[in-house]
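Chemist: I'd like to go over a predicted model; first the sequence, then the structure.
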Amino acid sequence: MTSTVQQPPRASFDTWGPWALLVVGVVAAAISARPVGMDRPGMIVCTVLVPVAAVLQLYWGRVKRRRPGPSRTGVSLYLLRWSVAFVLTWANPFFAFYAVSGYYTAGRELPRRLVLPGLFLTAVTMAGSEVGGWPPHGLVMWLGFFLVLGVNMGMVSVFTRFAEQEQARLSVQADTIAELERTNTALQQALDENAALHTQLLVQAREAGVADERRRLAAEIHDTIAQGLTGIIAQLQVVANAPDLTTARTHLERASTLARHSLGEARRSVHNLAPVELMADGLPEALKKTVAEWGERTGVRAEFTVTGTTEQLHDEVSATLLRIAQEALSNAARHARATRVGVTLSFMGDEVTLDVRDDGTGFDPAAVPPRTRAGGFGLDGMRARAERIAGALTVESEPGHGTAVSARVPLVGDDR
């Protein structure tokens, strides 16, 4: 938004004002020629100087169009016009109408240091006219002249001061508006840059979202289909080495159950639904069944415990904790060689904690290499899952003393 400072209309007076005042002075002088007793020399002076004043005004107009503002030529023309006006007022006091134009043009035609002297000269002419004409007659008239001159100069000084203050105010206003325009331009540039940055951030957020979703789906497949297929392979290996038909049939049934379970997980992953275990039950029931099935499948004693007041959790929180438990149990089955595993789900005010502990061989967490392409998700996957919902995962383990995996996440209730 831009604004324009409106200049006062007095600028146009410099063009037509002196002409109008000269005409008024001529008419007033002609009408009053007999009453004021203007003699023949005075009439001759007026007859000569009025055309001179007109020619002077024409020339002044041409000079102003070429070089507006104060100049040496302007000072000379101002003094010449004052001289003509002074002589005309001496011949007839009514030519003071023409002389008064000096008040209005001094500030525009004279340099700042000559404005007051120029106004003083005009005030002398006006005071002489106001006391009856030049020269004043007698001591009383001269005293009256100086009194009127003092009053004129006082008024001129006051109005000049007001004009300077107004000019300063307009200058400050113009500077303020210019500063506002610069600020507005800078603000618009900042808004444009912010819009471009916002667009860039949206693109980056979209790309980050795609990458995060890929990681989530990869972890989902690892924790469901891959683990299910691993279990099926393990059951089939037992079948291949089974000593009798009954044992083989038992492990075949387990393999079939795992296959159906993995198929359900695959379908759920395609439709991005909640884990199969959570479709009918809450997290505590799903964990209880998962721990029991894992213990039956591995032959390891597994116990599940719930502490605190059970609450219905948000689907994402439930799915995250369930997947962490499944991965921790899978790690225990593959690496720990444990004889006992305990899973505890604790509701603690505004947090939920899942602890999976085993009495297996343990390991040094600091010595675990970063996840590689062929190495599965493991601890990195569990930690990423917890952090995705503003949680944290800690691992405590020591060779020969078992392992404890603890996931702590915010308690976010089901908003349905």
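Modeler: Yes, it's here. All values derive from a computational prediction rather than experimental measurement. Residues are numbered from 1 along each chain as shown.
Chemist: residues near V405, how many?
Modeler: Close neighbours of V405, defined as other CB atoms under 10 Å, add up to 25. All C-beta spots, glycine's among them, are computed from the backbone N, C-alpha and C.
Chemist: Just to be sure, it is in a strand?
Modeler: Yes. Assigned with DSSP: H, G, I helix; E, B strand; the rest coil, V405 falls within a strand.
Chemist: Quick check: it vs L329, distance?
Modeler: According to CB to CB, to the nearest Å, V405 and L329 sit 10 Å apart.
Chemist: which residues are in contact with both of these two?
Modeler: With contacts taken as CB atoms under 8 Å, 6 or more residues apart in numbering, V405 and L329 have V356 as neighbours in common.
Chemist: so M348 touches T309, yeah?
Modeler: No. With contact defined as CB atoms under 8 Å, M348 does not count as touching T309 (9.6 Å).
Chemist: which of these two has more neighbours?
Modeler: Shown here are M348 and T309; by other CB under 10 Å, M348 has more neighbours (12 against 8).
Chemist: From K288, how far off is the closest residue to that one other than its chain neighbours?
Modeler: Leaving aside its chain neighbours, M348 sits nearest to G308 (5.8 Å; criterion: CB to CB, 6 or more residues apart in numbering). Counting by CB to CB, the separation of G308 from K288 is 15 Å.
Chemist: quick one, which of these two is more surrounded?
Modeler: Of the pair G308 and K288, K288 is the one with more neighbours under other CB under 10 Å, namely 18 against 14.
Chemist: could you say which helix or strand contains that one?
Modeler: Here K288 sits within helix 283-298, counting by DSSP states H and E.
Chemist: Neighbouring strands - and their directions - for the helix or strand just after that helix?
Modeler: Of the helices and strands lying after helix 283-298 in sequence (DSSP H and E), the nearest is strand 301-307. Looking at strand 301-307 with DSSP bridges, its partner strands are strand 340-348 (parallel).
Chemist: any idea which helix or strand comes after the partner strand?
Modeler: Going down the chain from strand 340-348, the next helix or strand is strand 351-358, by DSSP H and E.
Chemist: quick one: that following strand to chain centroid distance?
Modeler: On the basis of CA atoms, centre = their mean, to the nearest Å, strand 351-358 sits 45 Å off its chain's mean C-alpha point.
Chemist: domains of the chain?
Modeler: 13-135, 281-416 (automatic domain parsing).
Chemist: JSON lines for these, including mean pLDDT and distance to A242?
Modeler: Compiled in JSON lines, the domains of the chain are given as follows (pLDDT from 0 to 100; distance: least, CB to CB, whole Å):
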{"stretch": "domain 13-135", "mean pLDDT": "72", "distance to A242": "113"}
{"stretch": "domain 281-416", "mean pLDDT": "88", "distance to A242": "15"}
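Chemist: so which of the ones you listed gets nearest T176?
Modeler: Each of these has some distance to T176 by CB to CB; the shortest is domain 13-135, at 23.3 Å.
Chemist: List the residues that contact the nearest residue to G391 once chain neighbours are set aside.
Modeler: Nearest non-adjacent residue to G391, counting by CB to CB, 6+ apart: V409, 3.2 Å away. By CB under 8 Å, 6+ apart, V409 lies in contact with V317, T320, L321, E351, V352, T353, A386, I389, A390, G391, A392.
Chemist: let's go with 7 Å and repeat that
Modeler: V409 is in contact with V317, T320, L321, E351, V352, A386, I389, G391, counting by CB atoms under 7 Å, 6 or more residues apart in numbering.
Chemist: From E277, how far off is V156?
Modeler: Per CB to CB, V156 is found 99 Å from E277.
Chemist: which of those two has more neighbours?
Modeler: More crowded of V156 and E277, by other CB under 10 Å: E277, with 23 against 19.
Chemist: tell me what the longest helix along the chain is packed against?
Modeler: Criterion DSSP state H: the longest helix present in the chain is helix 138-221. Here helix 138-221 touches helix 112-130, helix 245-271, helix 378-388, going by 3 or more CB pairs under 7 Å, 6 or more residues apart in numbering; DSSP states H and E.
Chemist: In TSV, list those along with distance to A20 and mean neighbour count.
Modeler: Conversion of these to TSV gives the following (distance: least, CB to CB, whole Å; neighbours: other CB atoms under 10 Å):
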stretch	distance to A20	mean neighbour count
helix 112-130	17	19
helix 245-271	92	15
helix 378-388	86	19
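Chemist: ok so the residue nearest to G391 is a strand residue?
Modeler: Yes. Under three-state DSSP, V409 falls within a strand.
Chemist: E387 versus that one, what's the distance?
Modeler: 9 Å.
Chemist: what do you get for K288?
Modeler: 26 Å.
Chemist: now the angle between strand 340-348 and the helix holding K288, please.
Modeler: Using axes from the mean of the first three to the mean of the last three CA atoms, to 10 degrees, the direction of helix 283-298 lies 170 degrees away from that of strand 340-348.
Chemist: any idea how far helix 283-298 is from the chain center?
Modeler: Relative to the chain's own centre, helix 283-298 is displaced by 54 Å; criterion: CA atoms, centre = their mean.
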